[in-house]
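K.L.:
sequence-free structure coming up:
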């Protein structure tokens, strides 16, 4: 064997260590040199061993905590929904419950003990004109959704109009006032919220004159209250108006949209922070309602003179 053969470097050999995820291998090089028939490992193997030991102590990918999806903004909040027996009321109950909220259902009917809506935590019966009796329940709430109402279709006799105005508009107005007073008297770190379903009938025909009249009155009341609400009131209570197109329910069996779809859209838009929520297949509504709301608020503010 010649001198050159004894001192010629042996071929490079590669081995590896697990990467940080424990899946692939990170190669490192071992150099060997033949001296007197013996092989001597170079310092690279020590470096490779150090890498192997270090990576073996790292947590594997499967053991690492997976990022959790953010909680719903309604998680842990107490939600009250009037008109809880209706199609939209029950759809909202299911959606809020799935989001981790506690839901209290308010209805004119008796408690459905045998078949309560899915996801409802508690049931509270009440009647129009008796809103003051709900004060203790309202104090528990973080969000109050005013969703109750009737549709007399084409009936326009005085008794029907009076009853429709009382249920659809004036009852909501009294609950709005009561909840605002509670919000001011017992402020919370996170503002309470008041959502009012005024319906697309606020600005467009609904083939029910008494229903249209009541919803237009309610829409005007909400707009005025939002326009003249003072800084303290805005800090303690967030007002949201829900303008909804026709959806299928006992009041409107030929509605275009499903109640569950409408409920999902309401929660989605409110989670974005929108205070004017519009859900309808009618594109004109998305133009007319914001314009109407802007004009009403401007008109109310320029004529508002607190303290007079």
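P.N.:
Now that the structure is in, tell me what you want to look at. Model, not experiment: these values are computed from the prediction. Numbering: from 1, shown residues only.

K.L.:
in the protein, which segments are predicted with low confidence?
P.N.:
1-70, 109-118, 307-308 (pLDDT under 70).

K.L.:
what ranges do the helices span in it?
P.N.:
Using DSSP state H, the helices of the chain run over 3-7, 43-56, 87-98, 135-140, 158-165, 171-185, 209-228, 231-236, 259-271, 285-303.

K.L.:
so can I have TSV of those showing distance to residue 249 and mean neighbour count?
P.N.:
Heads up, the C-betas are built off the backbone N, CA and C, glycines and all. TSV is the format used below for the helices of the chain (distance: least, C-beta to C-beta, whole Å; neighbours: other C-beta atoms under 10 Å):
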stretch	distance to residue 249	mean neighbour count
helix 3-7	93	9
helix 43-56	61	13
helix 87-98	4	22
helix 135-140	25	14
helix 158-165	16	15
helix 171-185	18	19
helix 209-228	13	21
helix 231-236	33	13
helix 259-271	6	18
helix 285-303	18	14
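
K.L.:
And the ones you listed: which comes nearest residue 127?
P.N.:
Residue 127 lies closest, by C-beta to C-beta, to one member of the helices of the chain: helix 171-185, at 9.2 Å.

K.L.:
Can you give the contact residues for that closest one?
P.N.:
Helix 171-185 is contacted by residues 82, 128-129, 131-132, 134-135, 138-139, 141, 144, 146, 148, 191-192, 194, 196, 218, 221-222, 225, 232-233, 236-237 when judged by C-beta atoms under 8 Å, 6 or more residues apart in numbering.

K.L.:
circling back: so for residue 279, which of the helices of the chain sits nearest?
P.N.:
Evaluated over these, closeness to residue 279 peaks at helix 259-271, with 4.4 Å, by C-beta to C-beta.

K.L.:
what's the neighbour count on the residue nearest to residue 251 when sequence neighbours are not counted?
P.N.:
Of all residues not flanking residue 251 in the chain, residue 151 sits nearest, at 4.4 Å (C-beta to C-beta, 6 or more residues apart in numbering). For residue 151, the count of nearby residues is 21 (other C-beta atoms under 10 Å).

K.L.:
And for residue 71?
P.N.:
10.

K.L.:
and what of the one 5 residues further on?
P.N.:
Using other C-beta under 10 Å as the criterion, residue 76 is surrounded by 12 other residues.

K.L.:
Now do the contacts for it.
P.N.:
Residue 76 neighbours (C-beta under 8 Å, 6+ apart): 100-102.

K.L.:
burial count for residue 83?
P.N.:
Residue 83: 23 surrounding residues under other C-beta under 10 Å.

K.L.:
Give me the distance between the residue lying closest to it once chain neighbours are set aside and residue 209.
P.N.:
Among residues not flanking residue 83 along the chain, residue 148 sits closest, at 3.5 Å (C-beta to C-beta, 6+ apart). To residue 209, residue 148 is 20 Å away according to C-beta to C-beta, to the nearest Å.

K.L.:
got it, and residue 95?
P.N.:
Relative to residue 209, and taking C-beta to C-beta, residue 95 is found at 32 Å.

K.L.:
hmm, back to that, now, of the contacts of residue 76, which are buried?
P.N.:
By neighbour count, with 16 or more other C-beta atoms under 10 Å, those hold 101-102 as buried.

K.L.:
now, which of the contacts of residue 76 sits nearest residue 270?
P.N.:
residue 101 (12.2 Å).

K.L.:
Can you tell me how far the closest one is from residue 184?
P.N.:
Applying C-beta to C-beta, the value for residue 101 to residue 184 is 23 Å.

K.L.:
just residue 271 next, same as before
P.N.:
For residue 271, the distance to residue 184 equals 25 Å [C-beta to C-beta].

K.L.:
for residue 138, same thing?
P.N.:
Relative to residue 184, and taking C-beta to C-beta, residue 138 is found at 13 Å.

K.L.:
cool, residue 229 as well?
P.N.:
From residue 229 across to residue 184, the span is 11 Å (C-beta to C-beta).

K.L.:
what's the answer for residue 240, then?
P.N.:
From residue 240 over to residue 184 (counting by C-beta to C-beta), the distance is 18 Å.
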